[in-house]
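> Below is the sequence, then the predicted model.
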Amino acid sequence: MNTLRALIFDVDGTLADTERDGHRPAFNAAFAGAGLRWHWDVAIYGELLAVAGGKERIRHYAARHDPERAAAPGFGETVAGLHAAKTRHYLDHVAAGRVPLRPGVATLLAAARRRGLRLAIATTTTPDNVEALLRATLGPDAMGWFAVIGAGDVVPAKKPAPDIYRWVLERLELDAADCLAVEDSELGLAAASTAGLRCLVTPNAYTAGQDFGRAWMLRDSLAGIGPDELARRFAEDPAPPAAA
């Protein structure tokens, strides 16, 4: 029998709808500040999420919707400047409380802490973005709630590679069979499953409809689920998902 000992959370799209409510409006603010008549609505940004990386999304969009600008000399510097401005706007959005946690997240985190479960983060977003979100939504001491925070470029291979989860597990000094990953996307699910973790998936508007056949549990949100129920179900299902 396996005992649930830790919850490992993804960040973007899992803890909060950061892509829709944080990164997307931050890109638009950066474009407006540079005098560009570009605007990424919810649908357009959803399509752009198929392109990995913010700078890459800018280039991809410009090549298709503003090709003359994209071909102009110095466009690389323009992209870098836009992305830097976007990052500043994103941190301002988060600090202002414009990116709330998804339903049930704060309650589950608090209950897990009371129960003595260890908490960790496994994400490819930057450490600064993680810290800004946790402090704005959970308070100034929230970083200390997490025993391990794996973020940014601590591993070279991004999800769906399992590297970030293996990095976190090593530092937790726990077996994958005793931990539960919480994700929102097919890529995140693949990373967690390949690392040998059970994975609870809570899709968002951008990831709904993806293939979650390997999920240990699939829920619309984390509302109404607590650590006691998770631990009970965990103990009743001793076999972790097969690695790809």
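That came through fine.
> helix or strand right after the top helix by length along the chain?
Determined from DSSP state H, the single longest helix within the chain is helix 75-95. Downstream of helix 75-95, the first helix or strand assigned by DSSP states H and E is helix 105-115.
> and that next one, what other elements does it pack with?
strand 118-122, helix 127-138, helix 227-236 (3 or more CB pairs under 8 Å, 6 or more residues apart in numbering; DSSP states H and E). Where C-beta positions appear, they are placed from N, C-alpha and C, glycine not excepted.
> Between helix 127-138 and that helix, find me the angle.
90 degrees (axes from the mean of the first three to the mean of the last three CA atoms, to 10 degrees).
> helix, strand or coil for the residue lying farthest from the centre of the chain?
Using CA atoms, centre = their mean, the residue of the chain lying farthest from its centre is residue 73. It sits 34.5 Å away. Classification of residue 73 using DSSP: H, G, I helix; E, B strand; the rest coil returns coil.
> What does it show for phi and psi?
Torsion angles at residue 73 (phi, psi; degrees, to the nearest 10) stand at phi -60, psi 140.
> Double-check residue 219 against residue 204; I have them as touching.
No. Using CB atoms under 8 Å, residue 219 is not in contact with residue 204; the gap is 11.8 Å.
> hmm, back to that, got a list of contacts for the longest helix of the chain?
For helix 75-95, the external contacting residues (CB atoms under 8 Å, 6 or more residues apart in numbering) are 18, 21-23, 25-27, 29-31, 33-34, 54-55, 58-59, 62, 69, 99, 128-129, 132-133, 135-136.
> now with 7 Å?
With CB atoms under 7 Å, 6 or more residues apart in numbering as the test, helix 75-95 has contacts from 22-23, 25-27, 29-31, 33-34, 54-55, 58-59, 69, 99, 128-129, 132-133, 136.
> per-residue confidence at the residue farthest from the centre of the chain?
Listed pLDDT for residue 73 reads 95.
> Over to residue 52?
pLDDT, read off for residue 52, is 68.
> cool, the one 10 residues further on as well?
Confidence per residue is given as pLDDT, and for residue 62 that number is 97.
> Number of residues surrounding the residue lying closest to residue 33 once chain neighbours are set aside?
Leaving aside its chain neighbours, residue 33 sits nearest to residue 85 (5.9 Å; criterion: CB to CB, 6 or more residues apart in numbering). By other CB atoms under 10 Å, 18 other residues sit near residue 85.
> same question, the one 5 residues further on
Other residues within reach of residue 90, judged by other CB under 10 Å, total 27.
> again with residue 151
20.
> got it, and residue 197?
31.
> go on, residue 63?
Neighbour tally, residue 63, other CB under 10 Å: 13.
> just residue 99 next, same as before
24.
> hang on, isn't it packed against residue 15?
No. Using CB atoms under 7 Å, residue 99 makes no contact with residue 15, being 9.5 Å away.
> okay, and the common contacts of these two?
With CB under 7 Å, 6+ apart as the test, residue 99 and residue 15 both reach residue 133.
> Relative to residue 43, which of the helices and strands packed on helix 105-115 is closest?
Proximity of those to residue 43 was assessed by CB to CB; the nearest stretch is helix 127-138, lying at 23.6 Å.
> Okay, and residue 39 sits in which element?
Counting by DSSP H and E, residue 39 is part of no helix or strand.
> Pop out the phi and psi values for it.
Per degrees, to the nearest 10, the backbone of residue 39 is at phi -150, psi 130.
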